[in-house]
Structure formats: C-alpha cells, structure tokens
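need a structure here:
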Amino acid sequence: MGGSVPTLLQSDAASCIAVAERMIALGTHSGSVHILDFIGNQVKEFTAHTAAVNYISFDIEGEYIGSCSDDGSVVINSLFTEEKMKFEYHRPMKAIALDPDYARKSSRRFVTGGLAGHLYFNVKKWIGNRDQVLHSGEGPIHVVKWRNCLIAWANDAGVKVYDAANDQRITFIERPRGSPRPELLLPHLVWQDDTLLVIGWGTSVKIASIRANQNTSTNGTYKHIPMSSMNKVDIVASFQTSYFISGIAPFGDSLVVLAYIPGEEDGEDFSSTVPSRQGNAQRPEVRVVTWNNDELATDALPVHGFEHYKAKDYSLAHAPFSGSSYAGGQWAAGDEPLYYIVSPKDVVIAKPRDTEDHISWLLQHGWHEKALEAVEAGQGRSELVDEVGSRYLDHLIVERKYAEAASLCPKLLRGSASAWERWVFHFAHLRQLPVLVPYMPTENPRLRDTAYEVALVALATNPSFHKDLLSTVKSWPPVIYSALPVISAIEPQLNTSSITDALKEALAKLYVIDGQYEKAFALYADLMKPDIFDFIEKHNLHDAIREKVAQLMMIDCKRAIPLLIQHRDLITPQDVVSQLTAAENKFDVRYFLHLYLHSLFESNPHAGKDFHDMQVELYADYDTKMLLPFLRSSQHYTLEKAYEICVKRDLLREQVFILGRMGNSKRALAVIINKLGDIEEAIEFVSTQHDDELWEELIKQCLNKPEMVGVLLEHTVGYLDPLYIVNMVPNGLEIPRLRDRLVKIITDYRTETSLRHGCNNILKADCVNLLIKYYKEARRAIYLSNEEDEARSKRDKNLASQFAERSLGTRSIEVKSKTRGGTRCCVCFDPFSIQNVSIIAFFCCHAYHTTCLMDSTNSISQQQKKPPTKSPDELSYYEYNNGDADDDENEATSSGSPQMRCILCTTAAG
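From the prediction side, this is the model:
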C-alpha cells in the first residue's frame, strides 16, 4: 500500500490492522492509530496509547473505533465527532471487540481482555460505564470477535462462544494439541457469517457451525427456534497445515490463509517454543485452500525484512462483506475481495487475480488510455469502466489537464448521475468547474438541481466565463435548476468592476426564469436590447418604463415614442422630459425631445403645453418646416421667446407670423418686403390684417422699388383700386413691363366686373324663384274638422290613409287649442270657438269656416262660369292633402280637380 503508509512506517512499525467499509485503521508499536483511506493516505491520527497497539475494532457502521494496548488502556474514539472514551485496566490488553451496533445503541457495549485473564463486558449504565467479567481463570485473552449477539474469544484453554442476547455461554472448542503457546503463535478467529466461525491456531484450522435447535412438529416439518436458544455447535471442517497460520479469512467457499514458513533449521518442529529465529525466516505466503485443505493458489509476498520476522509479527484482515450483516460471507457482485497483510514495515493488499489485473497493471504504469481500451473491449466487468474512468480522470487532474479531463467525462461517466455529480463537485473544489460545464448533461442523466446551480455560480464568479454563463443559461432548460441561488450569487457584482454585459444579460434571463420581469426589463434596458419593446408588451411592463425613458429612446425612438404617448397616464410628459434632460451627456437628447414633443403635439396639442417654448427652439433646430404650422396651431408659447429664437436663426416667415400675432404688423410687413422680398406674400399678409393703413404702408415701401410696384399692380386687383396705386407712383419711375401689367389689370378688372354682374343676376333669379315658391305655398289650404265630422267622413268615404288621418288629428288638436284663444274667420269674423264647424286654414295665416268659404267659392265659380264646387265632405280629402309645393297651377288645373284658394290673397294677387 502506498500513500502515507511508507512514510509512517519509516519511523514506526505496524502492529495490527482493521478494515471498515470506508476506511482502514493501522495500529503501530508507538501507540498511535492511523486512519487511512483505501489508497493509503492518512485521514486522521489518534495518539491513543503509550505502548504498542495490540488490536483494533470498528463497529459495523464504521463510526467508532476501539483500540487496546500493552499500556493497559482501552480507548474508543468517534471518527466524526470529538467523542472519546478511555478505560484503564492496569494490565496489558490484547483484544477488543465493539458491539456491531455500538453507534446505534446507547448502551455503548464492548468486550476486552488481556494478560490478566479476565474477559470484560463493558456496558454504559445511567450512572456510568460498568464492567462485567464474562470469563476468567484460563490464562490471557488473546483474541475476541463479536458478530450480532455472539462473542467468540480464545485463551490458553481454547475458544469459547457467548450469547450476549441470552446471557449464556454456548460452546467451548479446545485448543489444538501440540500447538505452540499462544503468546508465541497467536490464535486467529473470524466470523464467515452469522453461524460460521473459522478458527486458525498454530497449524490447525477448524470451522464451527453454530445452529439453533429444531423441533419436529406434528406434521413432520421443522419448527425454528429463535437465536437466543442456539446451543448446538458442529465442527463442519478441520484440517492440519504444514505451516504456521499467521492469519485466516473466508474467501467464498474457500479460505485465505497467511502462511508463515519457518526456517530450515526449524524443520517440522511445530512444538518448538520459538517459531523462527532471526535471519532465517522465509517469505510469508498467501494460500487459497478449500475446507478439505486442497490448495487452489499460492503467492509469496514481497515483504521487506521478512527474514527477521516471526509468525506473530504478521496479521491478516479482509475488507468487510457487502451489506450490514455480512450475509453469507460473500462479496456482492461487482465488489472486489480485498485482503490486507500487515508486517512491521509493510501493508500488502491482496486480491484475486483475473483479467482485470492486467488493467490494473496498465494503470499502475500510467497507461490509462490502454487500460480504458481494454475495459471497453470487454476484458473486464462493465463496472470497471467507472473505476478506470475515475482513475484516468484522477490522473489527468493530478497532471492538471483539466480541459482534457472535462472533455472525457461524457465518455467515461456516461449515464451515471451520481458519478457526474461527484465529479462536478470535485471540479468545483478544484476551482476548475467552468471547463466542465459545457459537457454537463441536462437529461439522460439529469443531475440534482444543486449540481447545475453550483456550475452556474462558478461561471458567474469568474469574469472570463461570463459569456459561457450566458450561453449556458440560454441552452439549459429552466426546469433543471433553481434560478434564485444563481441570482443571489450575481447580484452583489452588479455595482462592482467585475460586472460585464454578458453577466447582466445572463442575470436578466435568470430574472425571467424566476418571474422577476421588472428587474429583467431594467437590465435589458441598460443593455440596449432591441427586442425590449416586445418584452414590455408580452409581460405588460408599462409601469416599469417610468425609469428607463432615455434607454428606450436610444434603443428605438420610433417604437419608444408611441409607447410613451400611449401610456402618458403612467409616465407624464414632465417625467419624460426630465429624464431625457438628465441624460444629456449620454446622447443628443434634444433630438429625442423634439421627436417626442412633436408626436405628443400631433396626438394632443394641449398635452405638452408646458414645453411649447422648448418645442419652438427644437423645431427651429431640427425641423424648421414644421415650426410655422406649430406657431399657428399652438397658443401656449411665449411670443417674445419664440421671436428671439427665430431672429437668432434668421427664420423670416416665422418672424412675420409672430410679429403679426404680437400686433406689430408694420414691422412684419417690413421683414417681408426688406428681407424676404416677396411682394405677393406681403399682399397676402396685408389682406389678412384688414387694416387700410397697412395697405398704405405697403404702397409706400414699394414705391422706391419699381419691380415691386409692378407686382403690386398685378396682385392688388380685388383688394385695392389700381388707379389709386397708379396715382401714387412718382413721375418718371420706370416700372418694368408696365404696359403688359396695365393690360392685365384692365382685363382682370373686366373679368371681375363680369363675374359680379353674373352673380347678381343669379342671385336675383334665385330670390324670385324662392318668392314664387313661398307664394304658392301660402295659397295652399288644410282642412281641419272636429272628431265627429272626421269619423263620419272616414266611414263614408274611406279615402284618407292612416298616416294622413294621424296627421290631421294632430293638426286638428293643435288648431283647436289655438282657436279657443279667439282666432276669427276672415269672412264672418266670428271666433272659431263659437261655431262647431270645420275650418280651412291657409299658409298665409288666413283661416275660414268651411261654410263661409264654400259660399264665397260658389259665388266666384258662378261669376267665372265654372262647375260648382264639390260638397265639403268631398272636398275634405282634397283640401288637406295639399301635395308638393313645386306643383304649378297648370298641373292642378289639368288634373280636373279645383283647388281652394285664399280669398283675400287671391283677391290681393288679382
């Protein structure tokens, strides 16, 4: 065994060994107990004694270790806590055995014995530990073994077995005759299983079977008796050897024996009191024999200084069987039987030789790739792949080839989740986990959440791997880990120099996974991500944009501005302007302010009224074409400030408009004429002001400019009399193209005069037509009767439609309400309310009793020699159904149905 063992044994000598499932304990002559791993590296050391350690015992869980020494003390240490107990017996102690359930039970039992000849059974009571002497008087206790409830020990007389559960001694096996004294050649005991005890003493091997009594029941079957009633022991195998037995252990159905070959001078004298003499001992051998002493294999051990060692200087221990009860004395499939041979200066590991030994040899010589190829070729058990892979990885790690080791992990670890997790944490311990992250599986197998979280944290804490962190977060499914631990590891870095854009983006992704969308939005805004607007809409984060106006404008102002305007109830224009102004050093905020305020003004002219002064300047800087429409539309800017801005930037038409709004029309006119030189615009401006003095000012300012006088003559037609301008022109002033312009003025004037006459004629014709229409309407009549006459008329004639009846009834009610007020007939001048007679009313506001109008109509008819008028009942439908106002008199006459006319209006018209 390598590791720390060679170093330890350079200055000390090994005296005993014990093997647990997870570790090895090595006792030395100096009184120390060294805890080793299976490679031989020292894990812990107990300086328990002042003299040689004679025996070591583990409990079945491997949590406690007990040792005894020639200094008369027994020490029990906890391997994982600070618990320690020491017992003094004042005589050399040679053997100790802990209760297999020592860690589980509060009784803390153990047995120990030594040269005093007493076998002590120590139990912890409520007042402290108490020793009970199980046996004494037959010489020193040389060895003791505890299995389940059975305790076996050997003294000078032989081997005894005690049932601790039933508190009774089960059997006694006599010491082989002729064997050397025990202090010269120690007896060896080992439990192969719960009922088989293997005894090796001197040159004799015995195998005792301890079984329970079985009583036959009435039906012929056997009745099982509990363990506490076991009291029968059978020797199932026994044989003699030709060598001294320095150790013995089970090997399936066979036995492994550590054989001590005495020197030639000792010959076959097994009765000699001295097993060997210094300088002539042979190499110890490991022999595999059957229960019948058939030898299956023999190997000599390469032990340093074997010439000088005696038989009792060697000891043999085997690795525990799989399972908590060592059932059957067999190793489980895949477990490797290991045997440890201890000499004062060496610890040799023995195991069965097979094809895997070749692989081990390759590994020992550093040919890991060939060993892996041999395993993959099927030369060893499949489980060996993991072992070879692990050792290969260990080798690469030792060589600091971390990247190569990480790249081989998928091949070597395959689908083993536990192996992956183990190596993940190992790489993390070495601070090399980032190189393994790209190879970590996310399914088949899927590891525990902790493994993925540790990997992400390892990437996050190293700035050089922040890009790898981002790609990993994007590629790994969110369900395989919890984002919160990774977030907690990244957040402290936000305000430090180690923060990178990749780390921010990765943190934003983790925020999204954890449902913290507002925090993710803040990071995306800082990172200027173009898809942030889709993110806002997807997660309804309109409230969160309040603090990130500047970033949104920088990302995409075309999308940011409609968003800000649409949600101006959440973020007011004042907030937007203040944030953009605060970010002045980062970008051209004035341009973004212009775009935002322009869109806001188009959406609602009054929403940003507080910033119209600013907007005037922004339009002047970025969009002068829109300044004049803005000045005309807005009422919320300061005229003086706006004028100053226009003057500074020499915006003439805007100056004209502002001066006009300020009431300084003359100055505005001067700007148009003197700076713009646009007489047409000057004329248009003056015409909108409706100020005669301004016309005179325009003419005065143009008189000194012949070209402007000509243009003024051309464009004032309709506004001024051209003669007035011509009279004011100084004599001798040469006006370009004066003749042509005068001709045009005269032509335009004639055209205008003609248009005016035409319009007047059209107007007069329209007036006549409308008067005629009104006259015709006034001559029409409506027949209004009471309810009785109307009902009778409906029954007799059935001529009126339902709509006309409804209209007539409504009108009758209205007229009755009016006639009751004192309206009089235009013929008899009696009030309509006196006579219960139907009425005929005209649109000329004249009304008659039907009888009065009939008499007058008949008189007129006779005078004109026309047929008499129809009866009132026959006229009723005709009279109130007065037809279209556009029907002329000829149409009515041609129909053959005379129409009633107002006598007064007809007379007046005649």
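
Next up, the contacts around the residue nearest the centre of the chain.
Centroid-nearest residue in the chain, with Cα atoms, centre = their mean: I513, separated by 0.4 Å. With contact taken as Cβ atoms under 8 Å, 6 or more residues apart in numbering, I513 is in contact with 478, 483. For the C-beta atoms, the positions are set from N, CA and C on the backbone; glycine is no exception.

Show me the beta-bridge partners of Q42.
L36 (DSSP bridges).

I'd like to know how far it sits from H34.
With distances defined as Cβ to Cβ, to the nearest Å, the gap from Q42 to H34 amounts to 6 Å.

Between the two, point out the one with more neighbours.
H34 (23 against 15; other Cβ atoms under 10 Å).

For the more buried one, give its distance to I56.
With Cβ to Cβ as the criterion, H34 and I56 are 10 Å apart.

Show me the common contact partners of the two, please.
25, 27.

what's the burial count for L676?
Neighbour number of L676 under other Cβ under 10 Å is 14.

Correct me if wrong: it contacts Q655.
No. The pair L676 / Q655 is not scored as a contact, 9.5 Å apart, by Cβ atoms under 8 Å.

next helix or strand past the lengthiest helix in the chain?
For the chain, the longest helix by residue count, based on DSSP state H, is helix 738-778. Counting by DSSP states H and E, the element after helix 738-778 in chain order, helix or strand, is strand 781-784.

what helices or strands is that following strand leaning on?
helix 802-819, strand 839-842, helix 872-880 (3 or more Cβ pairs under 8 Å, 6 or more residues apart in numbering; DSSP states H and E).

give me that answer again for 10 Å
With contacts defined as 3 or more Cβ pairs under 10 Å, 6 or more residues apart in numbering; DSSP states H and E, the packing partners of strand 781-784 are helix 787-797, helix 802-819, strand 839-842, strand 847-849, helix 850-863, helix 872-880.

Now the common contact residues for Q42 and H34.
Residues touching both Q42 and H34 (Cβ atoms under 10 Å, 6 or more residues apart in numbering) are 4-5, 8, 26.

Out of those residues, who's the most crowded?
L26 (30 neighbours).

So that residue is in contact with D37, correct?
No. Shown here, L26 and D37 do not form a contact pair, counting by Cβ atoms under 10 Å, at 11.6 Å.

what is in contact with those two at once?
In contact with both L26 and D37: S4, using Cβ under 10 Å, 6+ apart.

and P562, that's in a helix?
Yes. Membership of P562 in a helix is supported by DSSP: H, G, I helix; E, B strand; the rest coil.

what's around it, how many residues?
13.

Spell out which residues sit in contact with it, please.
Taking Cβ under 10 Å, 6+ apart, we find P562 in contact with 533, 599, 603.

List the residues that contact the last one.
By that I understand S603. Counted by Cβ under 10 Å, 6+ apart, S603 has contacts 561-562, 565-566, 568.

export these to CSV and tack on pLDDT and distance to L631?
Output for the contacts of S603, formatted as CSV (pLDDT from 0 to 100; distance: Cβ to Cβ, whole Å):
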residue, pLDDT, distance to L631
I561, 87, 22
P562, 88, 25
I565, 87, 22
Q566, 87, 27
R568, 85, 24
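
Neighbour-wise, which one of those leads?
I561 (21 neighbours).

got any ranges where the stretch 201-350 of the chain has weak pLDDT?
Along the stretch 201-350 of the chain, the parts satisfying pLDDT under 70 run over 212-231, 263-279, 321-336.

if you set the cut-off to 80 instead, what comes out?
211-232, 262-281, 321-337 (pLDDT under 80).

just the strands in it please.
Applying DSSP state E, counting those that start in this stretch to the stretch 201-350 of the chain gives strands spanning 204-211, 214-216, 222-224, 232-240, 244-251, 254-260, 285-289, 295-300, 315-318, 339-343, 346-350.

before we move on, back to that, go through the contacts of P562 and flag which are in helices.
533, 599, 603.

Which of those residues sits closest to Y848?
S603 (65.8 Å; Cβ to Cβ).

do you know how far the closest one is from R568?
Counting by Cβ to Cβ, the separation of S603 from R568 is 9 Å.

same question, A642
Distance of A642 to R568, computed by Cβ to Cβ: 25 Å.

ok, now F427?
Using Cβ to Cβ, F427 is found at 54 Å from R568.
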